[in-house]
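J.: Give me coordinates for this.
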Amino acid sequence: MSMAEEAAVVAALFAVDPVGTGGVCLHSQVHPARDQWLGMLEYLLPENSPLKRIPCNISDSRLLGGLDLAATLKANRPVAEQGALASSDGGVIVVRMAERLSEHTAAAIGAVMDAGEVVLMREAVSGHLPARLGVVAMDEGIGDEVVPRSLMDRLGFILDFDGLTTRVTLVPLHDAEQILAARALLPDVSLDDDIVERLCGTALALGVDSLRLSVLATHVARVAAALDGRTRITEADAILAGKLVLAPRATRMPPDQSQPPADQPPQPSSDPEETRAAEDSSPPNPPDSPQSQAPNPEAPEPDAPEPDAGGKLEDKVLEATRAAIPAGLLAQLQANLAVAAASSRSGVGKAGGQRQGSGRGRPAGVRSGPPRGNARLNVLETLRAAAPWQRLRGRLKGDARLRILPTDFRVTQSKQRSQTLTIFAVDASGSAAMERLAEAKGAVELLLAECYIRRDQVAVISFRGRAADLLLPPTRSLVRAKRSLAGLPGGGGTPLATAIACAATVAVQAQRRGETPTLVILSDGRANIARNGSPGRETAFADAMTAATAIRVAKIAALFVDTSARPSPLAKSIASAMNARYIPLPFVNAKTLSAVVQAASAASAGGGR
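T.: Numbering: from 1, shown residues only. Sure, this is the predicted structure:
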C-alpha cells in the first residue's frame, strides 16, 4: 500500500467513526498533500459532522466554554456560551501546530474525548454539554517540540507526509454514501475475543505500552469491516488495524517468528522413565490401521478452525505489522523519547528552559492580581470576572457603567525561552594539553557561530597548576573568544575540584539571571591538586567528588568529555557524581565536540548518562 493509498484509507476509516477511532496525527510541514487530505476528509464527513479549526494557543473559555460577556452584561445575570469542543459535537476539530499545545490544553481535550462531554464549572456558570468528537492534530515538527502524549495516546492514526513529493495527488477511495452505509452498519459488527487477544499480543510484541492504542486498534478493525460491508471481522481487518495503529507506535522490533531460536534446540530426554512414559502415551494403533481410519463422532468438522488458528493469526498480524514499520523509525523514536525524557527532567532545550512571567513570549493563561511592573492587564478576562456580580453590586439593568473591584483584575501571563549559557571547563594540564586546547578552541568557535542565530552565550574556564581561571566570561563575541583563547598556556597539575567549583559559581549566577546553563568539562579526570592547593591524588579526587555532588544538587545540566587515551574510571565516577552525561572521546576533534555539545544542550544535557 502506497502512502497516498494509506492516507485515503485513513481518511475513510476516520470519517466513518471519528469518536471511536480517536483522531489522526498529521505530521507534515507545509505540503500540498496536507491540504488535499483535509479536503478529502471534509468531503467524506456527513453534513451533520462539523469540521472546526482551532489554534494551539486557544484559551480555556474559547475551548471549553464559559461566560458570554455581552449577553451577561445585557441581561445583568450570568449567561453561558458554548466552547469550541461543545460546538463540534458529532464532528472533528483540527488543531494547527499541535506540537505547541500546552500540557493543560492537551489534557483538557483528552478528558473531553474520554467523557464525550464538557463539564463546565467556571466563571459562575455550570453544566454538562455533549462533545463527542474526533481530533486532527497538525504536527509541523518545529524544533524538538512534540505533540503531548496525553493527546497522542488518544489518536488512532499517524500520517507522515514529509516523505511525499509535492506532485502527489490524493484521491478518495470511497464516497460519502459508502461512509454513511458503514456508519449504519458499524453497531452490528461483532468483535471476537480472539481478535482482541491477537491485537493485544501484537501490541505487546511491538513494545506499545499504552492500552488505549490496543483498544483503538480493535475498534479500527471493526470500522474496516463495516466499511467493507461486513458484520464480522476478518484476518485482513486485523492486519490493517495493526499496520495503521500499532506499527507507527512500535518501540522495538519483534523477533522473527519464521525461524526457531537456535539457542534452544529440542533435547531428547535422558531419563528412561520419562522416555517409557512418552512411549506409553503414544497412540496404540499405527496410522494405517483400520481403527485409526475409523470416523470419530467427536472429531471437528473439516471446515472448523484448527486449535492453533489463533496463534497463526497473531503471527500473520505481527509479520504484516513488522513489514509496515518504516525504516529508521525505531531509531528516530528512541531519540525522541530521550529528548522528551531529558526535557522533562532538566527543563533544557535548544533555546533554553521555559520561563513563566508577565513579559514577552507566548501567552500562557491569566492570573488574578493587580498589574504590577511589566504585567499587562487582561481587560476581557477582567470584565468576565466582574460581570456575574453586577446585580449584587447594585448595577441596574441598562446601566452602562460596570462596578469593578480589585479582586476582579486579571493579568496576562506569558512563557518564553531563556538564554542558554554553555560553560567550558578545559583541562590545560599535562603533556597533551596543547592538543586538547586546540580542539576546545575550535569547538568554542563553532558554537559561537551558532550563537549568533540562537542568541546563546559561551564561557570558558581554564584550569592548570593550582588554580582555575575564568578565561572567557559569558559572551557571544567571536572576536573576544578567539583573542582570549589565543595565548592560553598549558602544563602543570590538575585542580579539577577547583575548576568544578568555579564552573558551578558561573552556572548559579546564570540561573539567577534567568538563563539555562550547560556545563561541559574536558578532562581526563585524574585530579591531583586539592581545593586548598596541596598535591595528593586521594584528597584531590575526594574534593572533586564533593564539588561534582554540588553540581547535581544545583540541577545544572552537565557533560563530562573524557579526553584520556582510554576511558577513565575516575572520570566516569566524577561524571556519575554530578549526574552528567559521560562521553569518552580519546580522539576528540572540534567538529565532533561541537556536535555533541549542541545535541546535548538540545536534548539530554541534564539526562542520564
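
J.: What pLDDT is listed against the closest residue in space to Arg391 that isn't next to it in sequence?
T.: If the residues on either side of it in the chain are set aside, Arg391 comes closest to Asn76, at 5.5 Å by C-beta to C-beta, 6 or more residues apart in numbering. Using the backbone N, CA and C atoms, a C-beta is placed for each residue, glycine as well. As predicted, Asn76 sits at a pLDDT of 74.

J.: Equivalent analysis for the one 10 residues further on, please.
T.: Among the per-residue scores, Ala86 holds a pLDDT of 91.

J.: Show me what the host helix or strand of it is packed up against.
T.: Using DSSP states H and E, Ala86 sits in helix 84-87. When contacts are defined as 3 or more C-beta pairs under 8 Å, 6 or more residues apart in numbering; DSSP states H and E, helix 84-87 packs onto strand 51-54, helix 60-64.

J.: which one of these is the most hemmed in?
T.: helix 60-64 (a mean of 19; mean count of other C-beta atoms under 10 Å).

J.: phi, psi of the closest residue to Ile404 other than its chain neighbours?
T.: Once flanking residues are discounted, Ile404 sits nearest to Ala386: 4.7 Å by C-beta to C-beta, 6+ apart. Main-chain torsions, Ala386, degrees, to the nearest 10: phi -90, psi -30.

J.: Any idea how many residues pack against Ala386?
T.: Per other C-beta atoms under 10 Å, the neighbour tally for Ala386 reads 22.

J.: quick one: secondary structure of Leu26?
T.: With DSSP: H, G, I helix; E, B strand; the rest coil as the basis, Leu26 sits in strand.

J.: what's the neighbour count on it?
T.: For Leu26, using other C-beta under 10 Å, the count is 28.

J.: Isn't it up against Arg34?
T.: Yes - judged on C-beta atoms under 8 Å, Leu26 makes contact with Arg34 at a distance of 6.3 Å.

J.: what sits against Asp114?
T.: Arg154 (C-beta atoms under 8 Å, 6 or more residues apart in numbering).

J.: Pull out the buried residues from the helix or strand hosting it.
T.: Per DSSP H and E: Asp114 is located in helix 103-115. Using 16 or more other C-beta atoms under 10 Å as the test for burial, helix 103-115 gives Thr105, Ala106, Ala108, Ile109, Gly110, Val112, Met113.

J.: could you dump the residues you listed to JSON lines with distance to Leu380 and pLDDT?
T.: Shown next, in JSON lines, are those (distance: C-beta to C-beta, whole Å; pLDDT from 0 to 100):
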{"residue": "Thr105", "distance to Leu380": "18", "pLDDT": "90"}
{"residue": "Ala106", "distance to Leu380": "24", "pLDDT": "92"}
{"residue": "Ala108", "distance to Leu380": "20", "pLDDT": "91"}
{"residue": "Ile109", "distance to Leu380": "22", "pLDDT": "94"}
{"residue": "Gly110", "distance to Leu380": "27", "pLDDT": "93"}
{"residue": "Val112", "distance to Leu380": "23", "pLDDT": "93"}
{"residue": "Met113", "distance to Leu380": "28", "pLDDT": "93"}
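
J.: Out of the helices and strands packed on helix 84-87, which gets the lowest mean score?
T.: Among these, helix 60-64 scores lowest, at a mean of 86.

J.: Contacts for that one next, please.
T.: Contacts of helix 60-64 (C-beta under 8 Å, 6+ apart): 54, 66-67, 83-86, 105, 108-109, 112, 118, 120, 122-123, 365, 384.

J.: Quick one, which of those are buried?
T.: By 16+ other C-beta under 10 Å, the contacts of helix 60-64 give 54, 66-67, 83-86, 105, 108-109, 112, 118, 120, 123, 365, 384 as buried.

J.: Outline the domain layout of the chain.
T.: What the record gives for the chain is the domain set 3-173, 189-253+308-348, 355-417, 420-604, from automatic domain parsing.

J.: CA atoms of stretch 32-43 as CSV?
T.: Provided in CSV are the C-alpha atoms of stretch 32-43 (Å, rounded to 0.1, in the frame of the first residue of the first chain):
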residue,chain,number,x,y,z
PRO,A,32,0.0,20.2,-0.8
ALA,A,33,-0.9,16.7,0.4
ARG,A,34,-1.8,18.1,3.8
ASP,A,35,-4.5,20.4,2.4
GLN,A,36,-5.6,17.7,0.0
TRP,A,37,-6.1,15.3,2.8
LEU,A,38,-8.1,17.8,4.9
GLY,A,39,-10.3,18.5,1.8
MET,A,40,-10.8,14.7,1.3
LEU,A,41,-11.8,14.4,5.0
GLU,A,42,-14.3,17.3,4.7
TYR,A,43,-15.8,15.6,1.6
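
J.: what mean pLDDT would you report for it?
T.: pLDDT averaged over stretch 32-43 gives 89.

J.: mind listing what's buried in it?
T.: Pro32, Ala33, Arg34, Gln36, Trp37, Leu38, Met40, Leu41.

J.: In contact with the fourth one: list those residues for me.
T.: I take that to be Gln36. Thr169, Leu170.

J.: How much space separates it from Gly156?
T.: 21 Å (C-beta to C-beta, to the nearest Å).

J.: Any idea which helix or strand in the protein has the lowest mean pLDDT?
T.: helix 290-293 (a mean of 42; mean pLDDT, DSSP states H and E).

J.: what's the closest of the buried ones among the contacts of helix 60-64 to Ala544?
T.: Gly365 (44.0 Å; C-beta to C-beta).

J.: For the closest one, report the pLDDT, please.
T.: So Gly365 comes in at 68 (pLDDT).

J.: cool, Ala7 as well?
T.: 90.

J.: hang on, isn't it packed against Ala33?
T.: Yes - counting by C-beta under 8 Å, Ala7 does reach Ala33; the two are 7.2 Å apart.

J.: Report the set of residues contacting both of these two.
T.: Joint contacts of Ala7 and Ala33 (C-beta under 8 Å, 6+ apart) are Phe161, Leu170.

J.: quick one: low-confidence parts of the stretch 101-250 of the chain?
T.: 123, 142-144 (pLDDT under 70).

J.: Spell out the residue ranges of the strands in it.
T.: Secondary structure of the stretch 101-250 of the chain (DSSP state E, counting those that start in this stretch): strands at 117-122, 125-130, 134-139, 157-160.

J.: closest one to Glu515 among these?
T.: Using C-beta to C-beta, these put strand 134-139 closest to Glu515, at 29.3 Å.

J.: Done for today, thanks.
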